[in-house]
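S.K.: Fold the following for me, if possible:
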Amino acid sequence: MAKRLNNQSTVGDVLKQIIQVNKLRPGMDQIDVKEAWENLMGNGVNHYTKNVVLKGSTLYVELSSAVLREELSHGKSKIVAMINEELRRDVVKDVVLR
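M.R.: The predicted structure follows:
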């Protein structure tokens, strides 16, 4: 039986506990990273982005433009820093552009 929370808990605290108890963090990270990519990269890059997948701490991004892939490959560390800053915690450690 689940532990009952006191009446003073905030909705945010209850949601954090549900995510922790049900081990939903990897799925939530996947959604958060995909949204962060879309917000940070803008329409130009998003137009050429086919898929964004987080596996462990590695972000795999599938792009339809070889030129864009080459350009982004020069700034991988900056992309990692920007996404982690957006999420306010270290989720992504590496980026693989395909």
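S.K.: For Ser64, list the residues it contacts.
M.R.: Contacts for Ser64 were tallied using C-beta atoms under 8 Å, 6 or more residues apart in numbering; they are 48-50. Bear in mind the C-beta positions are built from the backbone N, C-alpha and C, glycine included.
S.K.: typed the wrong thing, it's Trp37
M.R.: 46, 49, 52, 59, 61, 83.
S.K.: Just among those, which is most surrounded?
M.R.: Neighbour counts for the contacts of Trp37 (other C-beta atoms under 10 Å) peak at Leu59, which has 25 neighbours.
S.K.: any idea how far the closest residue to Ser57 other than its chain neighbours is from Lys50?
M.R.: Distances taken as C-beta to C-beta, 6 or more residues apart in numbering put Lys93 closest to Ser57, at 4.0 Å, once the chain neighbours are dropped. To Lys50, Lys93 is 22 Å away according to C-beta to C-beta, to the nearest Å.
S.K.: Just the C-alpha atoms of the helix or strand of the chain with the lowest mean pLDDT, please, in PDB.
M.R.: The weakest-scoring helix or strand in the chain, judged by mean pLDDT, DSSP states H and E, is helix 11-21 (a mean of 81). C-alpha atoms of helix 11-21 as PDB (Å, rounded to 0.1, in the frame of the first residue of the first chain):
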ATOM      1  CA  VAL A  11       1.000  19.300  -6.000                       C
ATOM      2  CA  GLY A  12       4.600  19.500  -7.300                       C
ATOM      3  CA  ASP A  13       5.800  17.400  -4.300                       C
ATOM      4  CA  VAL A  14       3.200  14.800  -4.900                       C
ATOM      5  CA  LEU A  15       4.000  14.600  -8.600                       C
ATOM      6  CA  LYS A  16       7.700  14.300  -7.900                       C
ATOM      7  CA  GLN A  17       7.000  11.400  -5.500                       C
ATOM      8  CA  ILE A  18       4.700   9.700  -8.000                       C
ATOM      9  CA  ILE A  19       7.500   9.900 -10.700                       C
ATOM     10  CA  GLN A  20      10.100   8.600  -8.200                       C
ATOM     11  CA  VAL A  21       8.000   5.700  -6.900                       C
END
